[in-house]
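Trainee: Kindly return the folded structure for what I paste below:
(2 chains)
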Amino acid sequence: MLGLFAPIFAFLIQQADVGRGSLMWQSARNPDLSKFLVIGALLFIIGVAGVLTRRNIIVIFMSIELILNAANLNFIAFSRYLQDTGSVNAVAGQVFAVFVIVVAAAEAAIGLGIVIALYRNKETIWVDEIDILKW
Amino acid sequence: MHRYIWLIPLLPLAGAALNGLLGRKFRFSEKLIGGIAVGSIALSFLLSLTAVYSYAFSSHAIWPAAYVTSQDGASFTWIPGGAVNITQGSEERMSGAMEEESRRKLAEIPPEQRTNPQAILVSGVVQPRSSILNVEWSYQLDALSSIFMLVVTGVGLCIFVFATGYMHDDPGFYRFFAYMGLFMFSMLVLVMGSNFLMMFVGWEGVGLCSYLLIGYYFNRKEAADASRKAFLTNRIGDFGFALAIFAVIATFGTAQYTDVFVQAKSYPIEGLWQWGILSWIALGLFVGACGKSAQLPLHVWLPDAMAGPTPVSALIHAATMVTAGLYMVTRTNVIFQHSKTMMLVVALVGAATALFAATIGITQNDIKKVLAYSTVSQLGFMFMACGVGAFVIGIFHVMTHAFFKALMFLGAGSVIHGMHHEQDMRRMGGLKKYMPYTYMTFLAGWLAICGIIPFSGFWSKDEILWNAASTSYIPLGWLVWVVGVIAATCTAFYMTRLVAMTFWGKERFLNTHEHDAGHEAHGDGTSGHHAHVPHESPGSMVAPLVVLAVLATLGGLVGIGPAFKFITGSDHPGGRMNIVNFMDPIIWNPETREFGKEHGAATVAHAAETTAPAETHARAEVPTPGSESAGHPEGFNLAHSAESALGTHTRAEWLFIVISLVIAAVGILLAVLFYVWRPSLPDIWAARLKPLYIASYNKYWVDEIYGWAITRRTMDLARAVYAFDAKVIDGAVNGSAWVTRLASRITGGTDQYFVDGLVNAIAAFILRLMSPLFRAAQTGFTQNYALVMVMGLVAVVALFFAADIIDAVKAITTGT
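Mentor: Down below sits the predicted model:
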């Protein structure tokens, strides 16, 4: 698993090495697209890891929110990038992000409802005790 | 009028169709049915009369030549046969002279009249190996068919009229007349057809109608059996006939009479025991004639055929159908005269049949059986005539026999009708008082068949015996004559016996039923006030009897022989009205090798008379050089011995006339002695000649012999074949079925236990092996599924960016 992420770390380190001093600062103040994408990817990976590893269904839920927000970050990042390049339709990414937030809110409402119903039936929120998907 | 002869067979057919198809559905009355049937036959008869008059006696007569309707276009191609390979080598037999002759003859014919026969004649010369066989449906009018047309329609008309009375109140009235009309059609096609195949159609048609009419009372077992017997026996004959027709077509390439005979004329004559193709053809034809005309090996069906209604017996089994064999032999006399063997066979079979049947007739008690054996015997006489070369006399006897035998059958029918369906002569007797017209007319028939001088039978029978004695065609003529004389004596005897037992003497039906009839029956016999008192038949039955009686009395005058020259002034008086002169053109003369001009028998018969220069007589004593046919066969000739003993030919002929009259008288007187003067004598003589009596009474056990030798053996064979079928064929079938079942059981077992087992085993193995894996994968935990999804996602991304990732890794590791 670490081997999988090694190139990403390497990439971030390489960027950091390039702008030593003022360049580094400048790049921190005016981050380019790749920085956002890396952050988004990290957020996504953390979310995925949380979904896969945590037993508490609420935590998994929160991890899913992380994944969604990773996607939102990407949308915003691309929107900003496209705005810099002067594209006419740069605002679409922001609109998508708003959509995602709305859908996430709805999903959270439904998901929490399901969790409550599940808890009422199974008396647990530990997902390794819930294996009824195989039936 | 002879242009319309094609109507003659069609009218009875139309009448039969009307009666047979509509008679039942629309419930025709007996008068209507009888009217249709009699009317159609009467029209046919009138047409025949006018046609024959116009053909032979009117101012525009074409008599010596044959008239075929295709000359006027009244014909159609019936069987478009195509090319036929002539298998019998005709080109060897066609000499150069013949080829020239046929070319010359063809050139004489105007091109528009060149029809099928001539074309084939030439093609036979030029291309002897193949010919075009187009069988046409056309009618031929010549001397022979004229006589048969008149006899068939004329006697047929009498019998139809009689039948309307005889069949009165029969539920199958319409059926009877439909069959009878169909019979008339078939018979007319038989005698009027212009080729062998049409004759065959008529031949089979009359056989069918004979079958239908013998079995008319099909609910009676003996009638049904008799009809089958007649049909099957005739099949044997028809087989020979069919083979002969095939042989004719294979030899001559055509079936048309005129064409065949023109070719056959030039074949060499085949001597005794020399079996050329014409002998074989003649043999086949004669087998057919034996079947149809009830000659010796195949005669068994005719007496049984008496199970049919009496008019049927009169029309089919006495007057017309059974003479079809004679018609055929006379029609093909060219072929028969080419085979000395077959002439001898015909004569001997005829003589044997005549004697054989006559001796059986003596002891029978059923009135119709006596007449049936009499018919067989008389047919034997006719074949005797044909065999000794006197074809015309044979046909003459056909004609006179048709008159007197139809008369006697109808008389017997009248008696049976009057006696309320009693056929046993032992219960008759004294009927002349009750049935005077029947009696008087029957007497005419009786005298005719016995051969008393002015009656018709005398002329023909005497001529037959004379020709047998004087024949130059075959050896053993004297034997044929002796047999004929004995048979004629028997004929006179049994016919007198029949008349005596039926019409004379005591009224035995009264003795038998004395307590029923009492003495009142003696009062008025014709009133029919009691069921067992015979009555005279109605006018519709008596009138034909009278007509036939006149014919039976006077009918022989058309054939007065040369012995009466001192009265009539010529050998065959009457010109064309004399049957010998009339039929001469169709008889082949082996000496001149042409048709007509005093055929051979007459020539020989008159050869001794040198006082007739007008006639073209070849001298029989001087054989024509180069011709095998002329000259006497080796051996004893009765007539010539008589001639040399008495001096002149006429005296010899008169000697034979006197002999035939004496034998008739002897037969009659013996029978009168036995059955009138001394009624005890028959029993005494039957006891004295017991073996002979029993043999004759049992008809020489021919039926029993056939039953044992043929029917039983056929059934044995059938049984054996059935057993073979049941055991071997069915066994093989069942055995193969058993083997198949065994094989299927083996393969089924293999399939079930081996193949299915293997499949099941493999499936089970795989299932057992793999199921834990798959089951383990299905944990039901969401996270496991999500992990798999993520791994899949990573794998897809890794694949998608494989190259970029590798580049990046390379860049990192190399540190650039």
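
Trainee: Export stretch B:744-760 to PDB, keeping only CA atoms.
Mentor: These are the backbone C-alpha positions of stretch B:744-760, laid out as PDB (Å, rounded to 0.1, in the frame of the first residue of the first chain):
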ATOM      1  CA  SER B 744     -30.100 -49.400 -27.100                       C
ATOM      2  CA  ARG B 745     -30.000 -50.800 -23.600                       C
ATOM      3  CA  ILE B 746     -26.200 -51.100 -23.800                       C
ATOM      4  CA  THR B 747     -25.800 -47.600 -25.100                       C
ATOM      5  CA  GLY B 748     -28.400 -46.300 -22.700                       C
ATOM      6  CA  GLY B 749     -26.500 -47.900 -19.800                       C
ATOM      7  CA  THR B 750     -23.300 -46.500 -21.100                       C
ATOM      8  CA  ASP B 751     -24.800 -43.100 -21.300                       C
ATOM      9  CA  GLN B 752     -26.500 -43.300 -18.000                       C
ATOM     10  CA  TYR B 753     -23.600 -44.700 -16.000                       C
ATOM     11  CA  PHE B 754     -20.500 -43.700 -17.900                       C
ATOM     12  CA  VAL B 755     -21.200 -40.400 -19.700                       C
ATOM     13  CA  ASP B 756     -23.600 -39.000 -17.200                       C
ATOM     14  CA  GLY B 757     -21.500 -40.300 -14.400                       C
ATOM     15  CA  LEU B 758     -18.400 -38.600 -15.900                       C
ATOM     16  CA  VAL B 759     -20.300 -35.400 -16.400                       C
ATOM     17  CA  ASN B 760     -21.800 -35.500 -12.900                       C
END
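
Trainee: gap between it and the chain center?
Mentor: Relative to its parent chain, stretch B:744-760 has a centroid offset of 69 Å by CA atoms, centre = their mean, to the nearest Å.

Trainee: Send me stretch B:450-466 as PDB with only the CA atoms.
Mentor: The C-alpha coordinates for stretch B:450-466 follow below in PDB (Å, rounded to 0.1, in the frame of the first residue of the first chain):
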ATOM      1  CA  CYS B 450     -79.900 -81.900 -82.600                       C
ATOM      2  CA  GLY B 451     -79.200 -81.100 -86.300                       C
ATOM      3  CA  ILE B 452     -82.400 -82.000 -88.000                       C
ATOM      4  CA  ILE B 453     -82.300 -80.900 -91.500                       C
ATOM      5  CA  PRO B 454     -84.100 -77.600 -92.100                       C
ATOM      6  CA  PHE B 455     -83.200 -76.200 -88.800                       C
ATOM      7  CA  SER B 456     -80.200 -73.900 -88.400                       C
ATOM      8  CA  GLY B 457     -78.100 -76.200 -86.300                       C
ATOM      9  CA  PHE B 458     -78.000 -78.800 -89.000                       C
ATOM     10  CA  TRP B 459     -76.300 -76.600 -91.600                       C
ATOM     11  CA  SER B 460     -73.500 -75.400 -89.300                       C
ATOM     12  CA  LYS B 461     -72.900 -78.700 -87.500                       C
ATOM     13  CA  ASP B 462     -72.900 -80.700 -90.700                       C
ATOM     14  CA  GLU B 463     -70.400 -78.400 -92.300                       C
ATOM     15  CA  ILE B 464     -68.200 -78.600 -89.200                       C
ATOM     16  CA  LEU B 465     -68.200 -82.400 -89.300                       C
ATOM     17  CA  TRP B 466     -67.600 -82.400 -93.100                       C
END
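
Trainee: Average pLDDT for it, rounded please.
Mentor: Averaging pLDDT along stretch B:450-466 gives 89.

Trainee: What residues of it count as buried?
Mentor: For stretch B:450-466, burial by neighbour count (16 or more other CB atoms under 10 Å in any protein chain shown) applies to B:450-452, B:455-466. Glycine gets a C-beta too; all of them are placed from N, C-alpha and C.

Trainee: again with stretch B:174-189
Mentor: Neighbour-count burial for stretch B:174-189 [16+ other CB under 10 Å]: B:174-189.

Trainee: what about B:D169, neighbour count?
Mentor: The local packing of B:D169 (other CB atoms under 10 Å in any protein chain shown) involves 6 other residues.

Trainee: Now do the same contact list for it.
Mentor: With contacts taken as CB atoms under 8 Å, 6 or more residues apart in numbering or on different chains, B:D169 has no neighbouring residues.

Trainee: quick check, it in a helix?
Mentor: No. Checked against DSSP: H, G, I helix; E, B strand; the rest coil, B:D169 lies outside a helix; its state is coil.

Trainee: what pLDDT does B:K105 get?
Mentor: On the pLDDT scale, B:K105 gets 67.

Trainee: The buried residues of stretch B:174-189 in helices, which ones?
Mentor: B:174-189 (DSSP state H).

Trainee: Looking at those, which is nearest chain A?
Mentor: B:R175 (89.5 Å; CB to the nearest CB).

Trainee: For burial, what's the neighbour tally of the residue lying closest to the closest one once chain neighbours are set aside?
Mentor: Once flanking residues are discounted, B:R175 sits nearest to B:G20: 7.0 Å by CB to CB, 6 or more residues apart in numbering or on different chains. Per other CB under 10 Å, the neighbour tally for B:G20 reads 18.

Trainee: same deal with B:W708?
Mentor: There are 11 residues near B:W708, going by other CB under 10 Å.

Trainee: Check B:P590 too.
Mentor: There are 24 residues near B:P590, going by other CB under 10 Å.

Trainee: and B:T77, that one's in a strand?
Mentor: Yes. Counting by three-state DSSP, B:T77 falls inside a strand.

Trainee: follow-up on the earlier one: in strands, which of the buried residues of stretch B:450-466 appear?
Mentor: Among the buried residues of stretch B:450-466, the subset assigned to strands under DSSP state E is empty.

Trainee: which of the residues in the longest helix seen in chain A are buried?
Mentor: Ranked by residue count under DSSP H, the longest helix found in chain A is helix A:92-122. Within helix A:92-122, the residues that qualify as buried are A:G93, A:Q94, A:F96, A:A97, A:V100, A:A104, A:G111, A:L118, counting by 16+ other CB under 10 Å.

Trainee: can you put those residues in TSV and add distance to chain B?
Mentor: Formatted as TSV, those follow (distance: CB to the nearest CB, whole Å):
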residue	distance to chain B
A:G93	21
A:Q94	26
A:F96	21
A:A97	22
A:V100	19
A:A104	18
A:G111	12
A:L118	11
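
Trainee: For those residues, give me a markdown table that also has pLDDT and distance to B:G389.
Mentor: Below are those laid out as a markdown table (pLDDT from 0 to 100; distance: CB to CB, whole Å):
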| residue | pLDDT | distance to B:G389 |
| --- | --- | --- |
| A:G93 | 88 | 135 |
| A:Q94 | 90 | 138 |
| A:F96 | 91 | 131 |
| A:A97 | 92 | 136 |
| A:V100 | 93 | 133 |
| A:A104 | 92 | 134 |
| A:G111 | 91 | 132 |
| A:L118 | 88 | 130 |
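
Trainee: Relative to B:S540, which of those is nearest.
Mentor: A:L118 (119.0 Å; CB to CB).

Trainee: So which residues of the stretch 1-150 of chain B form helices?
Mentor: For the stretch 1-150 of chain B, the helices defined by DSSP state H, counting those that start in this stretch cover B:7-17, B:30-52, B:96-108, B:116-126, B:143-166.

Trainee: ditto for the stretch 401-550 of chain B
Mentor: Under DSSP H, counting those that start in this stretch, the stretch 401-550 of chain B gives helices at B:436-450, B:456-470, B:477-503, B:508-512, B:514-517, B:539-554.
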